[in-house]
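A.B. asks: following is a predicted model, sequence given first.
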Amino acid sequence: MLKLSEEAIESKLKNLIDWEYYDDALHTDFVFDNFKDCMSAMNRIAFECEALNHHPEWTNIYNTLDITLTTHDANGVTELDFKLAAAINKIVEVEEED
Ligand SMILES: C[C@H](O)[C@H](O)[C@H]1CNC2=NC(N)=NC(=O)C2=N1
């Protein structure tokens, strides 16, 4: 899997709310109402990661979740990172609506 050019990344980011690109990776951070909501979102995201065989570097502190996505095999951002980021946005939006 080839890493995307910076131009491709910037244009794809226009359709990916709440994520930014720096240090060769996609980054976002979410704040939930409480720890349980955050953990339940992390668990749902985990199933998406397994389905895509693509895993985040993420940090949870109480009700906050910081996520970094990059493709190790490509040393940069690939389509897979955008695919997982979009799936994460769908899950988190559901979490926020509950
Ligand atoms: C062998 C296995 O397919 C690879 O290690 C997968 C697993 N999950 C992964 N996750 C991420 N973020 N990047 C990868 O390159 C990657 N590679």
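C.D. replies: Yes, it's here.
A.B. asks: tally up the residues packed near the nearest residue in space to Asn63 that is not next to it in sequence, please.
C.D. replies: Closest residue in space to Asn63, ignoring its immediate chain neighbours: Phe32 at 4.5 Å, by C-beta to C-beta, 6 or more residues apart in numbering. Glycine gets a C-beta too; all of them are placed from N, C-alpha and C. Phe32: 21 surrounding residues under other C-beta atoms under 10 Å.
A.B. asks: in terms of pLDDT, where does Phe32 sit?
C.D. replies: In this model, Phe32 is scored at 96, pLDDT.
A.B. asks: right, and it touches Leu65 too?
C.D. replies: Yes. Shown here, Phe32 and Leu65 form a contact pair, counting by C-beta atoms under 8 Å, at 7.2 Å.
A.B. asks: residues shared between the contacts of these two?
C.D. replies: Common neighbours of Phe32 and Leu65, using C-beta atoms under 8 Å, 6 or more residues apart in numbering, are 38, 41.
A.B. asks: got the contact list for Lys12?
C.D. replies: Contacts of Lys12 by C-beta under 8 Å, 6+ apart are 4, 82.
A.B. asks: ok so it is a helix residue?
C.D. replies: Yes. Counting by DSSP: H, G, I helix; E, B strand; the rest coil, one finds Lys12 located in a helix.
A.B. asks: any idea how far Ala25 is from it?
C.D. replies: Going from Lys12 to Ala25 by C-beta to C-beta, to the nearest Å gives 14 Å.
A.B. asks: go on, Pro56?
C.D. replies: Noted for Pro56: a distance of 10 Å to Ala25, by C-beta to C-beta.
A.B. asks: higher neighbour count, these two?
C.D. replies: Higher neighbour count among Pro56 and Ala25: Pro56, with 23 against 17, using other C-beta under 10 Å.
A.B. asks: need phi/psi at the closest residue to that one other than its chain neighbours.
C.D. replies: Counting by C-beta to C-beta, 6+ apart, Pro56 lies nearest to Ile67, which is 5.0 Å off, once chain neighbours are set aside. When read as degrees, to the nearest 10, the backbone of Ile67 gives phi -120, psi 140.
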